[in-house]
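Student: Okay, predicted coordinates and the sequence, questions at the end:
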Amino acid sequence: MSNHPKFRIYPPLGITRMGNGPAEKSEVIFSPEIPWDNLYDTHQEYLTDKGEVKKQAQRFYIYECDDSGMPTKRVDPADYDIEWSVEVANKKPFWYVFNNCMDLSVQFENQNLSPRFFEKGLAPGISAAYRNPNVLTEQLRDPKIANYRKELVNNPGKVQVDARPHHRRRDIEGQFPNPGKGVKSRLLQKMNASGAEVKLGTLEYEDEGTLIFYPADGKSAALNPSDLNTDFADNSNWYDDICDGRVTAKLTPRHGEDKKPIELKDAMSAAWVASAPPDYAPQIQPISTMFDMVTGASEDEFEPDFSLVFPFMYRLYRMQWVNLGDFLAPSFKETIDELIRHGKFKYLYTNDGSPEAQKVRDEVFKLFRDPQYPLRNEPIIPSKDMTQITNAFDETAKLQLPFYPGDAIDYPGSPAQWFAIPPLLYNQFKHWRDGNFKGLDGDFDSMEALGKHYQHQFREVAKKEELKPLLMSRAILETLYGGGFHPGVELTWPMRHKQMYRENRLLREDKTGLHGLYGLREIRLNQASEERQEEIFYNDFGLRMTPEDVQKSLDPKHEKYHWLWETTPGDLTKWMGIPWQSDAGSCQAVFTESQYPTPAWWAANLPVYVLPEDSYEKMKDTEITEETRRSIFASRLPWLHTADTGYVGYHAEGGYTNGLIAMVYQWKNVGMVTGRKMEPHLPGVPEVVYVAENGPQKAKKHKK
């Protein structure tokens, strides 16, 4: 008898993104369902006509499955009465401060993180104290007194929608603090303050039997208005409307004698949803994605293939649209452009065994940082605690690719301050360097031509109904960052561990028709059952959480700590910064002793330098010379200056705190980077350019 359920909800992990636009189907964008499908769109609008940031909503579907757990067809609502249930929570104020990733001091085996972190102590994990540390667990003083840290969890409970006229749409109405129904908040009494209604999203039932989850509005505030957000991740008395939680469904057959309801609520059939900050460059993918991380958390092995190394190179090449360090020289873009200029681009994807091809691959491979982190110093990312001595008596190695910080940002001098290709992918790069890989047939003259080739492959697979839900999982996960984590943009370091997943299996090529590209996966989070949730929902590690706690939790026999990997509502997002705007605004340029190239954080989702809309419009002016138009194209503006946020960035002196505060109010006015046609075509400039359009400008245009 099969252990796989007959019905499953897809995607298994859905992602929504905040926006200040309305929660209406006609005014939102939907999470992608086909990988790479939107990369070259030039007609997409990510802002409403009023200039609001559109919410990114998530659709959920129910599929019937075969005995192996593979989806076969969507459930027809004519055959079943369908009731959807969602339970989400925000646990950020209840959880611990973020210092760094605690698994950096933990011994484990997977393909996402070099074992040298543990063996050589490259970046020891730092213990973390409670957020809102003044809100103590009264049981520490008197076991008869209730734990009123629970009030820090915004947990509205389960919300249902179905096809009945007055049940089709419901808001998820939360509050902070949340003492429970009919109970006065002890926190508010002590503070002599008022609480806040904090909506966490909206549900809508569609005629097709599908569910739409709309995220909340991106709001955040402090209970005490005088409390400013001064830290990138940890601000007491603050709340926001990020959340995550379980998506379940109940199917009641309409026909036949057996009309017993079928409940999809266990880890193998239910789904999960998480809300996240806006993706301000939706068509630019992160260089290392959450799909890479989930793949690395498995024990799968792969036949060497060009398609396994191309996506990373391609994403790094496209970072030119959101980060100046990837646009100017030295950069990966420059390397690729030189290969094209000298007729050597074909040596990236063909495997002809020639010495010239071998030389090209070797030179490209040497550009990248080894995830084993040989103990040599690249330029140091300063800390506010450093002396003014500049690397005294130390020879500094050349900065390697990519120009992005890694998990060890807290440790100036550690080689792991810098992000490296994950070990799983780096091993594929080694095979590629050595000529041990399956090449690609065809004649391609650019990175975009290769990108469109693989986009076509995804679109062909999407024509098969039974594979659509598996594509959804990948399409969504490829929009999320997979490192470095400090703490991250959407989700963070626990996602790179196999303990997070009840199911994480690669589906064979003969089942999917998708060659290479790490294939398609069936992915299910290790959800706690509803009964188990009652036991562990408010679990923590006491006044301080340590890397030793994480080490113990990895052991499934350790009953006291293993609950860490049993997911309950709020557990995915509780590690993230609060309010979300502080971390989003902080993660811009970082500074080294040599100011060029200037490294940056997660530019694919939170751009750093962009091509402003005004520049794009001026480039279309044919009355100016081509040279002037190209100069305008090369002039990039700091992304946060597309709204009045001031300058922020890693240790950006006096402007940092002002920038954090401004981001809480200005996040909805910062530019959304969107693909647009370059008409008339300008030699030396791509046919599709990615332009930062902001809401106030669009609102003015529409008003006219």
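Tutor: Cool, the structure landed. Residues are numbered from 1 along each chain as shown.
Student: residue farthest from the centroid of the protein?
Tutor: E257 (45.9 Å; C-alpha atoms, centre = their mean).
Student: tell me the phi and psi of that one?
Tutor: E257 adopts backbone torsions of phi -80, psi -40, taken as degrees, to the nearest 10.
Student: Now do the contacts for G209.
Tutor: Counting by C-beta atoms under 8 Å, 6 or more residues apart in numbering, G209 makes contact with I62, R74, V75, D76, P77, Y80, I82, A163. C-beta coordinates here come from the backbone N, C-alpha and C atoms, glycine included.
Student: same question, A274
Tutor: L13, G14, I15, T16, C243, D244, E490, L491, L572, T573.
Student: if we go to 6 Å?
Tutor: Shown in contact with A274 (C-beta atoms under 6 Å, 6 or more residues apart in numbering): I15, D244, L572, T573.
Student: repeat for K468
Tutor: A462.
Student: Next, work out how far apart it and L477 are.
Tutor: To L477, K468 is 15 Å away according to C-beta to C-beta, to the nearest Å.
Student: circling back to that earlier point, which two of the contacts of G209 have the greatest separation?
Tutor: R74 and A163 (15.9 Å; C-beta to C-beta).
Student: what's the closest of the contacts of G209 to S127?
Tutor: Distances from S127 to these, taken by C-beta to C-beta, are shortest for I62, at 43.2 Å.
Student: sorry, back to before: tell me the most packed of the contacts of G209, by neighbour count.
Tutor: Each of the contacts of G209 was scored by neighbours using other C-beta atoms under 10 Å; the highest score is I62's, at 26 neighbours.
Student: Using the three-state scheme, assign it.
Tutor: With DSSP: H, G, I helix; E, B strand; the rest coil as the basis, I62 sits in strand.
Student: for it, which residues make a bridge with it?
Tutor: I9 (DSSP bridges).
Student: from what I can see it touches D76, true?
Tutor: No - counting by C-beta atoms under 6 Å, I62 stays clear of D76, with 9.8 Å between them.
Student: For Q417, state which of the contacts of G209 is nearest.
Tutor: Nearest member of those to Q417, counting by C-beta to C-beta, is I62, at 45.7 Å.
Student: Show the contacting residues for the closest one.
Tutor: I62 sits in contact with F7, I9, V75, A249, where contact means C-beta under 6 Å, 6+ apart.
Student: likewise T350?
Tutor: Neighbouring residues of T350 by C-beta under 6 Å, 6+ apart: G439.
Student: what does the longest helix anywhere in the chain rub up against?
Tutor: Using DSSP state H to define each element, the chain has its longest helix at helix 447-461. Residues outside helix 447-461 that contact it (C-beta under 6 Å, 6+ apart): I34, P35, W36, Y314, Y317, F444, L467, G513, L514.
Student: which residues touch stretch 326-341?
Tutor: Residues outside stretch 326-341 that contact it (C-beta under 6 Å, 6+ apart): L316, Y317, M319, Q320, F345, L401.
Student: Can you report phi and psi for the fifth one?
Tutor: Here is the backbone geometry of F345 (degrees, to the nearest 10): phi -60, psi -30.
Student: ok, it - contacts?
Tutor: L339.
Student: likewise the last one?
Tutor: Shown here is L401, whose contacts under the criterion C-beta under 6 Å, 6+ apart are F332, L367, F368.
Student: One more pass at 10 Å, please.
Tutor: Contacts of L401 were listed using C-beta atoms under 10 Å, 6 or more residues apart in numbering, and they are 287, 313, 316, 326, 330-332, 335, 364, 366-369, 418-421.
Student: PyMOL command to pick out the buried ones of those?
Tutor: The PyMOL command for the buried members of the contacts of L401 (criterion: 16 or more other C-beta atoms under 10 Å) is given here:
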select buried, resi 287+313+316+326+331+332+335+364+367+368+369+418+419+420+421
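Student: Inside helices: which ones of the contacts of L401?
Tutor: Using DSSP H, these in helices are M313, L316, F332, T335, V364.
Student: before we move on, back to that, point out the least confident member of the contacts of helix 447-461, please.
Tutor: Ranked by pLDDT, the contacts of helix 447-461 bottom out at G513, which scores 81.
Student: my read: that one touches L520, true?
Tutor: Yes - counting by C-beta atoms under 10 Å, a contact exists between G513 and L520, whose distance comes to 9.4 Å.
Student: what about K73, how many neighbours?
Tutor: K73, neighbours per other C-beta under 10 Å, totals 10.
Student: Count the neighbours of the nearest residue to it once chain neighbours are set aside for me.
Tutor: Of all residues beyond its chain neighbours, the one nearest K73 is E64 (5.5 Å), with distances taken as C-beta to C-beta, 6 or more residues apart in numbering. Here the number of neighbours of E64 (other C-beta under 10 Å) works out to 17.
Student: Now do the contacts for E64.
Tutor: E64 neighbours (C-beta under 10 Å, 6+ apart): 5-8, 71-76, 79, 251, 466.
Student: okay if I get those residues as TSV plus distance to R544 and pLDDT?
Tutor: Converted to TSV, the contacts of E64 look like this (distance: C-beta to C-beta, whole Å; pLDDT from 0 to 100):
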residue	distance to R544	pLDDT
P5	40	86
K6	45	94
F7	43	97
R8	39	98
P71	44	94
T72	49	95
K73	51	95
R74	48	96
V75	47	96
D76	53	95
D79	53	95
L251	45	97
E466	49	91
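Student: Kindly indicate which of these lies nearest E535.
Tutor: Of those, the one sitting nearest to E535 (C-beta to C-beta) turns out to be P5, at 23.7 Å.
Student: and the closest one, which of the three is it?
Tutor: With three-state DSSP as the basis, P5 sits in coil.
Student: gap between it and F118?
Tutor: 37 Å.
Student: List the contacts of the nearest residue to N504 once chain neighbours are set aside.
Tutor: Once flanking residues are discounted, N504 sits nearest to S298: 5.0 Å by C-beta to C-beta, 6+ apart. Applying C-beta under 10 Å, 6+ apart, we find S298 in contact with N110, Q111, L424, K498, Y501, N504, R505, L506, R521, I523.
Student: now do 8 Å
Tutor: Here S298 is in contact with Q111, K498, N504, R505, L506, R521 (C-beta under 8 Å, 6+ apart).
Student: all helices for the stretch 101-250 of the chain, in order.
Tutor: 116-120, 186-191 (DSSP state H, counting those that start in this stretch).
Student: Take those and write them to a markdown table, including mean neighbour count and mean pLDDT.
Tutor: Shown next, in a markdown table, are these (neighbours: other C-beta atoms under 10 Å; pLDDT from 0 to 100):
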| stretch | mean neighbour count | mean pLDDT |
| --- | --- | --- |
| helix 116-120 | 17 | 90 |
| helix 186-191 | 15 | 84 |
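Student: what would those helices look like in JSON lines with distance to Y205?
Tutor: Converted to JSON lines, the helices of the stretch 101-250 of the chain look like this (distance: least, C-beta to C-beta, whole Å):
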{"stretch": "helix 116-120", "distance to Y205": "46"}
{"stretch": "helix 186-191", "distance to Y205": "35"}
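Student: circling back: who has more neighbours, G513 and L520?
Tutor: L520 (24 against 13).
Student: phi, psi of that one?
Tutor: phi -120, psi 150.
Student: Counting neighbours, what do you get for the nearest residue to it once chain neighbours are set aside?
Tutor: For L520, ignoring the flanking residues on the chain, the nearest one in space by C-beta to C-beta, 6+ apart is L470 at 4.3 Å. Look at L470: counted by other C-beta under 10 Å, it has 27 neighbours.
Student: Residue numbering should commence at 14 henceforth.
Tutor: Let's use 14 as the start, then, which means that last one is L483.
Student: ok, now how distant is L483 from P610?
Tutor: According to C-beta to C-beta, L483 and P610 sit 38 Å apart.
Student: Same check on N167?
Tutor: Going from N167 to P610 by C-beta to C-beta gives 41 Å.
Student: cool, and Y109?
Tutor: 34 Å.
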